[in-house]
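K.L.:
Fold the following.
(one chain, ligands or ions: 1)
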Amino acid sequence: MSGAAAVRLPAALRDAMVAQARAEAPFEACGVVAGDARHEAVAYRPLPNVAGRLDWFQPDPRALLQATIEIEDGGGVLWGIYHSHPRSPARPSESDIVLAAYPDSLYLICSLERPDQPELRAWRIQDAVAREVPLTITPA
Ligand SMILES: [Zn+2]
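P.N.:
Just a heads-up that it's a prediction; the model follows:
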């Protein structure tokens, strides 16, 4: 399986991420995407960002653990880790890359740099290298 293979994301999940990003700006929003056993994205769960600063995200550790347990109990996978960049591009920051702890999950970043044109991009971050993964939005 190629690391550059396109992945599919239902439009409803994309819309939920964009709405949350807008609601929580100027802070970064964050959450997780659950995948099913076939690694298709099926659900989005917003998580509280407890970083307490504008340029970073830290999902509430208990909420993240709880979400991860529930996803795995349901036979799913932690498909993606999501956060927003209210004022910067939809690319991982240096901190995002250095601190990425889920090499098997996608990192989804929504930029509100152009408020009327939110941009969602997907990345895989392994061994401190970020590679973009083409994202195909599918009808909800
Ligand atoms: Zn970031």
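K.L.:
contacts, neighbours, all on C-alpha from now
P.N.:
Will do.
K.L.:
for the chain, where's the lowest mean pLDDT among helices and strands?
P.N.:
helix 94-99 (a mean of 94; mean pLDDT, DSSP states H and E).
K.L.:
Need the residues that contact the helix or strand just after that one.
P.N.:
Downstream of helix 94-99, the first helix or strand assigned by DSSP states H and E is strand 106-111. For strand 106-111, the external contacting residues (Cα atoms under 8 Å, 6 or more residues apart in numbering) are 17-18, 21, 79-92, 118-125.
K.L.:
all helices for this structure, in order.
P.N.:
11-24, 61-73, 94-99 (DSSP state H).
K.L.:
highest average neighbour count across those helices?
P.N.:
helix 11-24 (a mean of 17; mean count of other Cα atoms under 10 Å).
K.L.:
That one to strand 106-111, inter-axis angle?
P.N.:
50 degrees (axes from the mean of the first three to the mean of the last three Cα atoms, to 10 degrees).
K.L.:
roughly how far out does helix 11-24 sit from the chain middle?
P.N.:
11 Å (Cα atoms, centre = their mean, to the nearest Å).
K.L.:
which helices and strands does that helix pack with?
P.N.:
In terms of contacts (3 or more Cα pairs under 8 Å, 6 or more residues apart in numbering; DSSP states H and E), helix 11-24 is packed against strand 41-47, strand 77-85, strand 106-111, strand 135-138.
K.L.:
pLDDT below threshold where in the chain?
P.N.:
For the chain, applying pLDDT under 70 flags the ranges 1-4, 140.
K.L.:
Kindly recompute the last result at 90.
P.N.:
For the chain, the stretches with pLDDT under 90 are 1-6, 52-56, 140.
K.L.:
At the geometric centre of it, which residue do we find?
P.N.:
residue 82 (1.7 Å; Cα atoms, centre = their mean).
K.L.:
Would you mind checking the contacts of strand 106-111 for buried ones?
P.N.:
17-18, 21, 79-87, 89-92, 118-125 (16 or more other Cα atoms under 10 Å).
K.L.:
Restrict stretch 9-19 to CA atoms and write it as CSV.
P.N.:
Extracted in CSV, the C-alpha atoms of stretch 9-19 (Å, rounded to 0.1, in the frame of the first residue of the first chain):
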residue,chain,number,x,y,z
LEU,A,9,-13.6,11.5,3.9
PRO,A,10,-17.4,12.0,4.0
ALA,A,11,-18.4,15.6,3.5
ALA,A,12,-20.5,15.5,6.7
LEU,A,13,-17.3,14.9,8.7
ARG,A,14,-15.4,17.6,6.9
ASP,A,15,-18.3,20.0,7.6
ALA,A,16,-18.3,19.2,11.3
MET,A,17,-14.5,19.9,11.5
VAL,A,18,-14.9,23.2,9.7
ALA,A,19,-17.8,24.3,11.9
